[in-house]
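Novice: no sequence for this one, just the structure:
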Ligand code: BGC
């Protein structure tokens, strides 16, 4: 792997960072926007999830403009949309302006969260693809952590604190916009659109000389048939199996409840009696642990394998949620036990469902259906995220914490059983081997 590839990965992973930042920054603003806009619990759920509706549109748009304009200009456009959204949401004078700004930001989130991993996979040498795609998750987690940190530091800036929190996003967006000038278009897009020489030039900077000719031949070969892939073909016999695996895994990543913590942690802590800044400080601790566990996962995922990590993770997440539910049932939600259980839950998620789902989804699709398949799986991910984000505040108040977390515990157990029965181990196998294996 060349240092050039690493630089490209880091720049494009800024897209992942924006995804993480923009989705998590809302958590620090909840206790302020709820009274400011006069939101009920249901209204809060819809407001938080408004961004995700925009993301659903963004995921679709990514497929269209990523194909037509190329990956790079699409991501540049998304970074401009991020800047616009940051400014509009920070300057919002009423709920409609706020929700519109968040939806616009969501479109950008959908575009970069689809195209950043696709771009990284397209410039990466095959044997490092899994690791480099995991860097995207690392960037997501760093984005979340930056949001938690800046929320914490800005909480005492007065009644406009939530506006400052939201405006911070403009900085990494501008950085991404500028840094993209140094990034070439994806070699796959170049080959597909007849820019063979430029594609070779890009590949020469990313791969060893001996690999370039073979890679160009493989790319050309995959594109000869790729154009014919339709959604009908994607859903039909041999493809249906992998599509279902990626789709269901993406849904499990969300319905096991990660974003109840990522988006609502300060609210949970505030409901449990902590003051605003302590609630945000506890959230920062969550973000740090999220980062540390993700790094551990990146280091061990190729050795331990995907399946054992997913099994360990879903079981550990489930048991942590069970503990959380029991603590609520016993009326101990004000104690440190809740923080400890949440920290265990986060560690298990970041070791498993966090990074591993992206890795598995990016490697189980045959070459020619990968981008469409990814986009379909991502639709499942955002739809499931919306479901959880909208329902969580209502569940928490109507059902109480004990029942809510018990339901998420049951979902984790279902995830464990699904992985046990249906997920093949993909570690150490070439994409072509996987293609053959999964066709059976
Ligand atoms: C998920 C996000 C989540 C994040 C937490 C990502 O893999 O897609 O929804 O907020 O992990 O670290």
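Specialist: Yes, it's here. None of the values given here were measured: they were computed from a predicted structure.
Novice: contacting residues around residue 55?
Specialist: 106-107, 109-110, 113, 382 (Cβ atoms under 8 Å, 6 or more residues apart in numbering). All C-beta spots, glycine's among them, are computed from the backbone N, C-alpha and C.
Novice: once you drop chain neighbours, what's closest to it?
Specialist: Spatial nearest neighbour of residue 55, excluding adjacent residues (Cβ to Cβ, 6 or more residues apart in numbering): residue 110 at 3.8 Å.
Novice: which strands and helices sit next to the strand or helix carrying that neighbour?
Specialist: If you go by DSSP states H and E, residue 110 is part of helix 95-123. Identification of packing neighbours for helix 95-123 by 3 or more Cβ pairs under 8 Å, 6 or more residues apart in numbering; DSSP states H and E yields helix 3-24, helix 26-37, helix 41-68, helix 71-90, helix 129-154, helix 187-192, helix 353-364, helix 370-398.
Novice: rewinding a little: now which of the contacts of residue 55 would you call buried?
Specialist: Buried subset of those (neighbour count, 16 or more other Cβ atoms under 10 Å): 106-107, 109-110, 113, 382.
Novice: shaky segments in this structure?
Specialist: In the predicted model, the chain carries pLDDT under 70 at residues 1, 126, 208-210, 222-229, 276, 367-368, 429-434, 440.
Novice: quick check: residues of it near the ligand?
Specialist: Applying Cβ under 6 Å from any ligand atom, we find that the chain lies next to the ligand at 23, 137, 140-141, 144, 253, 258-259, 262, 290, 354, 385.
Novice: any chance of these in CSV, with neighbour count and distance to residue 167 too?
Specialist: Shown next, in CSV, are the residues of the chain next to the ligand (neighbours: other Cβ atoms under 10 Å; distance: Cβ to Cβ, whole Å):
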residue, neighbour count, distance to residue 167
23, 26, 16
137, 23, 26
140, 27, 21
141, 27, 22
144, 26, 18
253, 23, 29
258, 21, 26
259, 24, 22
262, 24, 20
290, 26, 24
354, 24, 28
385, 24, 24
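Novice: of these, just say which sits nearest to residue 397.
Specialist: Proximity of these to residue 397 (Cβ to Cβ) peaks at residue 259, which lies at 17.6 Å.
Novice: contacting residues around residue 402?
Specialist: Contacts of residue 402 by Cβ under 8 Å, 6+ apart are 325-326, 328-329.
Novice: looking at these, spot the one nearest the ligand.
Specialist: Set against the ligand, the nearest of the contacts of residue 402 by Cβ to the nearest ligand atom is residue 325 (21.2 Å).
Novice: and the closest one, how many residues sit next to it?
Specialist: 21 (other Cβ atoms under 10 Å).
Novice: for it, list the residues it contacts.
Specialist: 401-406, 409.
Novice: taking these, please make a PyMOL selection of just the buried ones.
Specialist: In PyMOL, this line selects whichever of these come out buried by 16+ other Cβ under 10 Å:
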select buried, resi 401+402+404+405+406+409
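Novice: widest-spaced pair of the contacts of residue 325?
Specialist: 401 and 409 (12.1 Å).
Novice: circling back to that earlier point, which of the helices and strands packed on helix 95-123 is buried the deepest?
Specialist: Ranked by mean neighbour count, those are led by helix 353-364 with a mean of 25 (mean count of other Cβ atoms under 10 Å).
Novice: returning to that earlier point: quick one: closest of the helices and strands packed on helix 95-123 to residue 244.
Specialist: So among the helices and strands packed on helix 95-123, helix 370-398 is nearest, using Cβ to Cβ, at 9.6 Å.
Novice: tell me the angle of the helix or strand following the closest one relative to helix 353-364?
Specialist: Using DSSP H and E, the helix or strand that follows helix 370-398 in sequence is helix 401-422. Relative orientation of helix 401-422 and helix 353-364, computed by axes from the mean of the first three to the mean of the last three Cα atoms, to 10 degrees: 30 degrees.
Novice: helix 401-422 vs helix 370-398, what angle?
Specialist: 150 degrees.
Novice: ok, then the element right after the helix or strand where residue 307 lies?
Specialist: Assigning secondary structure by DSSP H and E places residue 307 in helix 306-329. Counting by DSSP H and E, the element after helix 306-329 in chain order, helix or strand, is helix 336-351.
Novice: in that following helix, what's buried?
Specialist: 337-339, 341-351.
Novice: residues contacting that helix, please?
Specialist: Contacts for helix 336-351 (Cβ under 8 Å, 6+ apart): 141, 256, 258, 261, 265, 268-269, 272, 282, 285-286, 289-294, 296-297, 309, 312-317, 319-321, 323-324, 327-328, 332.
Novice: and for stretch 409-427?
Specialist: 245, 248-249, 252, 255-257, 301-302, 305-307, 310-311, 314-315, 317-319, 321-322, 325, 353, 359-360, 363-364, 434, 437-438.
Novice: buried members of these into PyMOL, please.
Specialist: Selecting only the buried entries of these in PyMOL, with 16+ other Cβ under 10 Å as the criterion:
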select buried, resi 245+248+249+252+255+256+257+301+305+306+307+310+311+314+315+317+318+319+321+322+325+353+359+360+363+364+434+438
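Novice: just to revisit the earlier point, ok, the buried ones among the contacts of residue 55 vs the ligand, which is closest?
Specialist: For these, the nearest to the ligand is residue 113 (7.8 Å; Cβ to the nearest ligand atom).
Novice: my read: that closest one touches residue 17, true?
Specialist: No - between residue 113 and residue 17 there is no contact under Cβ atoms under 8 Å: 10.8 Å.
Novice: most proximal residue of the stretch 201-350 of the chain with respect to the ligand?
Specialist: For the stretch 201-350 of the chain, Cβ to the nearest ligand atom, closest residue to the ligand: residue 262, 4.4 Å.
Novice: contacts only, for the closest residue to that residue other than its chain neighbours.
Specialist: Of all residues not flanking residue 262 in the chain, residue 24 sits nearest, at 5.3 Å (Cβ to Cβ, 6+ apart). Residues in contact with residue 24 (Cβ under 8 Å, 6+ apart) are 143-144, 147-148, 262-263, 287.
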